[in-house]
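K.L.:
Quick one: sequence plus predicted model below, questions after.
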Amino acid sequence: MTPYFDLWHHLYMDNYYNSVENSQILLKHKIRICGAIRINRGVPVCLKTVQLKKGETVYRRKKDVLVQIWRSKNDVRIISTIHSAEMKESRNIDRATKEKIIKPVGVIDYNKYMKGVDRADQYISYFRIARKTKKWTNRVFFYLLNCALFNAYRVYNNLNTMKMRYKKFLHAIARMWITDDIQDVDDDEENPGPSELRTRRAPKLDPPTRLSQDMKQHILEKIIGTGKIRHPQRRCRVCAKHNKRSTTITYADTVTFHFTG
């Protein structure tokens with residue numbers, strides 16, 4: 001960054017690079033910064049445990065270095081050697097009050113100049129799937145899953161004229177994951193299909209031929225559902241008796257029982 005020293009440039013960065021110490025070093029070289037800051041990067045102790053209500057803000061300043069916390073859905077921590085702690089109307093509208101949201105000027109400018117650079121991290125932090133775990137592989141997996149969900153959300157909104165909010169998009173995906181390709185016996189009762197096509201329900205009692213060694217009596221057929229689900233499944237009768245959750249896509253045609261392989 002040496003060629004940019006002493007030019008009083010304004011530099012916007014995400015929380016990976018920002019700290020109170022770095023802001024002071026850059027200020028000595030006449031570079032002003034603004035960006036999000038992590039709580040362990042020199043944030044004053046009095047700000048670490050503060051609890052704010054939505055819309056409230058608190059800040060501390062040491063000469064030109066400002067550290068400010070503003071409460072939106074979560075705490076937004078920002079460091080700036082450019083801005084004051086002034087609050088200003090933004091373009092965003094509060095869905096509950098229908099009024100413009102009041103934000104710190106540092107947050108407004110940060111969102112303006114970072115644009116899409118930090119957008120993914122913001123959305124992922126709002127609805128984070130990952131939980132605390134000692135296994136780093138789990139953390140990587142859930143982070144990549146978060147990224148995939150956000151990328152899918154962006155693609156969906158680009159391809160559809162009717163835009164969807166990220167929270168509703170995640171709810172829709174969750175409902176699809178829960179219901180897609182899973183069809184239990186109880187579901188068959190609620191959504192009956194044509195009797196000549198659907199696989200009929202298994203009887204309550206085992207037929208005497210179930211444990212027969214005559215394999216010709218056990219012809220595996222694919223379960224036919226109502227047509228709403230691509231690969232309908234049902235619970236395995238034997239596993240269910242042992243309190244095990246197991247589903248199968250096939251059944252023995254002669255006895256109409258559903259067994260896992």
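P.N.:
That came through fine. Numbering: from 1, shown residues only.

K.L.:
Determine how far stretch 8-18 lies from the middle of the whole chain.
P.N.:
How far stretch 8-18 lies from its chain's middle: 26 Å, per CA atoms, centre = their mean, to the nearest Å.

K.L.:
in it, what's buried?
P.N.:
By neighbour count with 16 or more other CB atoms under 10 Å, stretch 8-18 contains the buried residues 11-15, 18. (Each C-beta comes from the backbone N, C-alpha and C, glycine too.)

K.L.:
ditto for stretch 161-181
P.N.:
166, 169-170.

K.L.:
Okay, strands next: where are they in the stretch 1-150 of the chain?
P.N.:
Ranges of strands in the stretch 1-150 of the chain, per DSSP state E, counting those that start in this stretch, are 9-13, 31-36, 57-62, 65-71, 75-80, 87-93, 100-104.

K.L.:
Can you lay out those strands as JSON lines showing distance to Leu145?
P.N.:
Shown next, in JSON lines, are the strands of the stretch 1-150 of the chain (distance: least, CB to CB, whole Å):
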{"stretch": "strand 9-13", "distance to Leu145": "26"}
{"stretch": "strand 31-36", "distance to Leu145": "23"}
{"stretch": "strand 57-62", "distance to Leu145": "33"}
{"stretch": "strand 65-71", "distance to Leu145": "28"}
{"stretch": "strand 75-80", "distance to Leu145": "24"}
{"stretch": "strand 87-93", "distance to Leu145": "28"}
{"stretch": "strand 100-104", "distance to Leu145": "30"}
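
K.L.:
Tell me which of these sits nearest to Ile223.
P.N.:
Closest of the strands of the stretch 1-150 of the chain to Ile223 is strand 87-93, at 49.2 Å (criterion: CB to CB).

K.L.:
pLDDT weak spots in the stretch 51-200 of the chain?
P.N.:
Counting by pLDDT under 70, the stretch 51-200 of the chain contains low-confidence residues at 116-119, 180-200.

K.L.:
Using the record's domain definitions, break this protein down for me.
P.N.:
Split into domains by automatic domain parsing, the chain comes to 2-84, 136-179, 185-252.

K.L.:
now the ones you listed in TSV, with distance to Lys103?
P.N.:
Converted to TSV, the domains of the chain look like this (distance: least, CB to CB, whole Å):
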stretch	distance to Lys103
domain 2-84	7
domain 136-179	19
domain 185-252	45
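
K.L.:
ok, and which of those has the densest surroundings?
P.N.:
Of those, the one with the most neighbours on average (mean count of other CB atoms under 10 Å) is domain 2-84, at a mean of 15.

K.L.:
how long is it end to end?
P.N.:
By CA to CA, to the nearest Å, the extent of domain 2-84 from end to end equals 27 Å.

K.L.:
Same question for stretch 150-166.
P.N.:
8 Å.

K.L.:
chain center to that stretch: distance?
P.N.:
For stretch 150-166 - counting by CA atoms, centre = their mean - the centre lies 14 Å from the chain centre.

K.L.:
rewinding a little: greatest separation within the buried residues of stretch 8-18: which pair is it?
P.N.:
Farthest pair in the buried residues of stretch 8-18, by CB to CB: Leu11 and Asn15, 13.9 Å.

K.L.:
from memory Arg234 sits against Ile223, does it?
P.N.:
Yes: in this structure, Arg234 is within contact of Ile223 by CB atoms under 8 Å, at 5.9 Å.

K.L.:
picking up where we left off before, how about CSV for the buried residues of stretch 161-181, with secondary structure and distance to Arg245 added?
P.N.:
Formatted as CSV, the buried residues of stretch 161-181 follow (DSSP: H, G, I helix; E, B strand; the rest coil; distance: CB to CB, whole Å):
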residue, secondary structure, distance to Arg245
Tyr166, helix, 31
Phe169, helix, 28
Leu170, helix, 25
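
K.L.:
Which one of the strands of the stretch 1-150 of the chain lies nearest to Ala148?
P.N.:
Comparison of the strands of the stretch 1-150 of the chain against Ala148 by CB to CB identifies strand 31-36 as nearest, at 23.2 Å.

K.L.:
Who does that closest one pair with, and is each partner parallel or antiparallel?
P.N.:
Partners of strand 31-36 in the sheet, by DSSP bridges, are strand 9-13 (parallel), strand 75-80 (antiparallel).
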